[in-house]
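In: Kindly return the folded structure for what I paste below:
(2 chains)
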Amino acid sequence: MDQSMVLLAATRASLPDVLVFAASAAVILVGALGVVTSRNPVHAALSLVMTLFGVAVLFIEQEADFLAAVQIIVYAGAIVVLFLFVIMFLGVDRRDDIEVEPLVGQRPLAFIMIGLTLAGVITMMATAHWVTGAHQVVGPIEGHITANPTSPYGEPAQLGRQLFTTYLFAFEATAALLVIAVVGAVVLARRPPMPHDAPSDQSPPELPS
Amino acid sequence: MSLAGGWYLGLAAVLFSIGAVGLLVRRNVLIMFMCIELMLNAANLTFVTFARMLGDIGGQVLVFFVLVVAAAEVVVGLGIVVAIYRRRSTTVADDLNALKG
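Out: Below you'll find the model as predicted:
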């Protein structure tokens, strides 16, 4: 059978599923457009929360319940709050000018290039046989790894088992990455040690210490 | 039973495109970071969709790593934004032209 027919045929999709998908897609797209078009960075951050929530709903719809919870907790609870904290801390929550176009012709060119890319991806998705490789490289989802053969799809225990066996090295590498990020953030956010020692020509002298 | 995977992949492609357009068009560094988050979310949605389509839990595990990388990127990136703002009092990328030839 044609691959695209397999992909796009709404097999056994009930009406609530279609409604949930349509509502989530609308929320995601409205939020994403809000991020791009908001003049106020605070409004952009709140639109980002909207998009993240819609993505979390689609995770639940695809039976990745645990990932949906992690998405809400980490993204909406930590990352967006960090964004808002920095916006408020710097006091840049004012409207910025999005009418001026600093590089002439950059915006039409950006829209054209991204439009071409999107059209290419959609065409590739609809025509090519693009799902390659072996299925179930690290183990099936259907609960064969867990002790309980009837364990549901996307169960946290199964995710954790894969995380600490197959992907153990990558997991440890993410630990190192987080430590590096914390140290880097502390170093970057630290004040210059001696402001009177070597005054740079670019640092304003009225900068409050 | 949810919808077929192609709908989710198309939505993720559109979401990625919106994020990419925002990253190219906007000049505020904070909003550029938010557009990067949009693109990462599109990738996460694609991962979860493929995990369901292929019946492979590995796609869902990879979403964890994307989340960790996103968190680390935001922490370091916002640290850089704060450090730049302390010196130049701006968050507009076009004002940071000290290396302009």
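
In: all helices for the chain, in order.
Out: If you meant another chain, say so; for now it's chain A. Along chain A, counting by DSSP state H, helices occupy A:3-8, A:15-37, A:41-61, A:65-70, A:80-90, A:106-127, A:156-164, A:168-189.

In: not quite, I wanted chain B
Out: With helices called from DSSP H, chain B shows them at B:5-25, B:29-54, B:58-88.

In: Quick one: check the shortest one for contact with chain A.
Out: Right, the one you point to is helix B:5-25. Yes. Helix B:5-25 reaches chain A (Cβ under 8 Å from any Cβ of the partner chain) through B:5-11, B:13-15, B:17-22, B:24-25. The way it works is simple: take the backbone N, C-alpha and C, and place the C-beta from them, glycine included.

In: Which of the helices of chain A sits closest to residue B:49?
Out: Closest to residue B:49 of those is helix A:41-61 (Cβ to Cβ; 8.5 Å).

In: give me the low-pLDDT residue ranges for chain A?
Out: A:1-13, A:93, A:95-101, A:129-154, A:192-209 (pLDDT under 70).

In: what residues go with each domain of it?
Out: Residue ranges for the domains of chain A, per automatic domain parsing: A:15-96, A:155-191.

In: Need the winner for burial among the ones you listed.
Out: domain A:15-96 (a mean of 19; mean count of other Cβ atoms under 10 Å in any protein chain shown).

In: who are the neighbours in contact with the closest residue to residue B:24 other than its chain neighbours?
Out: Spatial nearest neighbour of residue B:24, excluding adjacent residues (Cβ to Cβ, 6 or more residues apart in numbering or on different chains): residue A:110 at 3.8 Å. Counting by Cβ atoms under 8 Å, 6 or more residues apart in numbering or on different chains, residue A:110 touches B:21, B:24, B:25.

In: CA atoms only: put stretch B:85-97 into PDB for me.
Out: Output in PDB follows, covering the C-alpha atoms of stretch B:85-97 (Å, rounded to 0.1, in the frame of the first residue of the first chain):
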ATOM      1  CA  TYR B  85      22.800  43.500  29.100                       C
ATOM      2  CA  ARG B  86      25.100  44.500  32.000                       C
ATOM      3  CA  ARG B  87      27.700  45.900  29.600                       C
ATOM      4  CA  ARG B  88      25.600  47.200  26.700                       C
ATOM      5  CA  SER B  89      22.100  47.700  28.100                       C
ATOM      6  CA  THR B  90      20.400  46.100  25.200                       C
ATOM      7  CA  THR B  91      18.900  42.800  24.200                       C
ATOM      8  CA  VAL B  92      18.600  43.500  20.500                       C
ATOM      9  CA  ALA B  93      20.900  41.400  18.400                       C
ATOM     10  CA  ASP B  94      21.600  44.100  15.900                       C
ATOM     11  CA  ASP B  95      23.100  46.400  18.500                       C
ATOM     12  CA  LEU B  96      25.800  43.800  19.300                       C
ATOM     13  CA  ASN B  97      28.000  44.700  16.400                       C
END
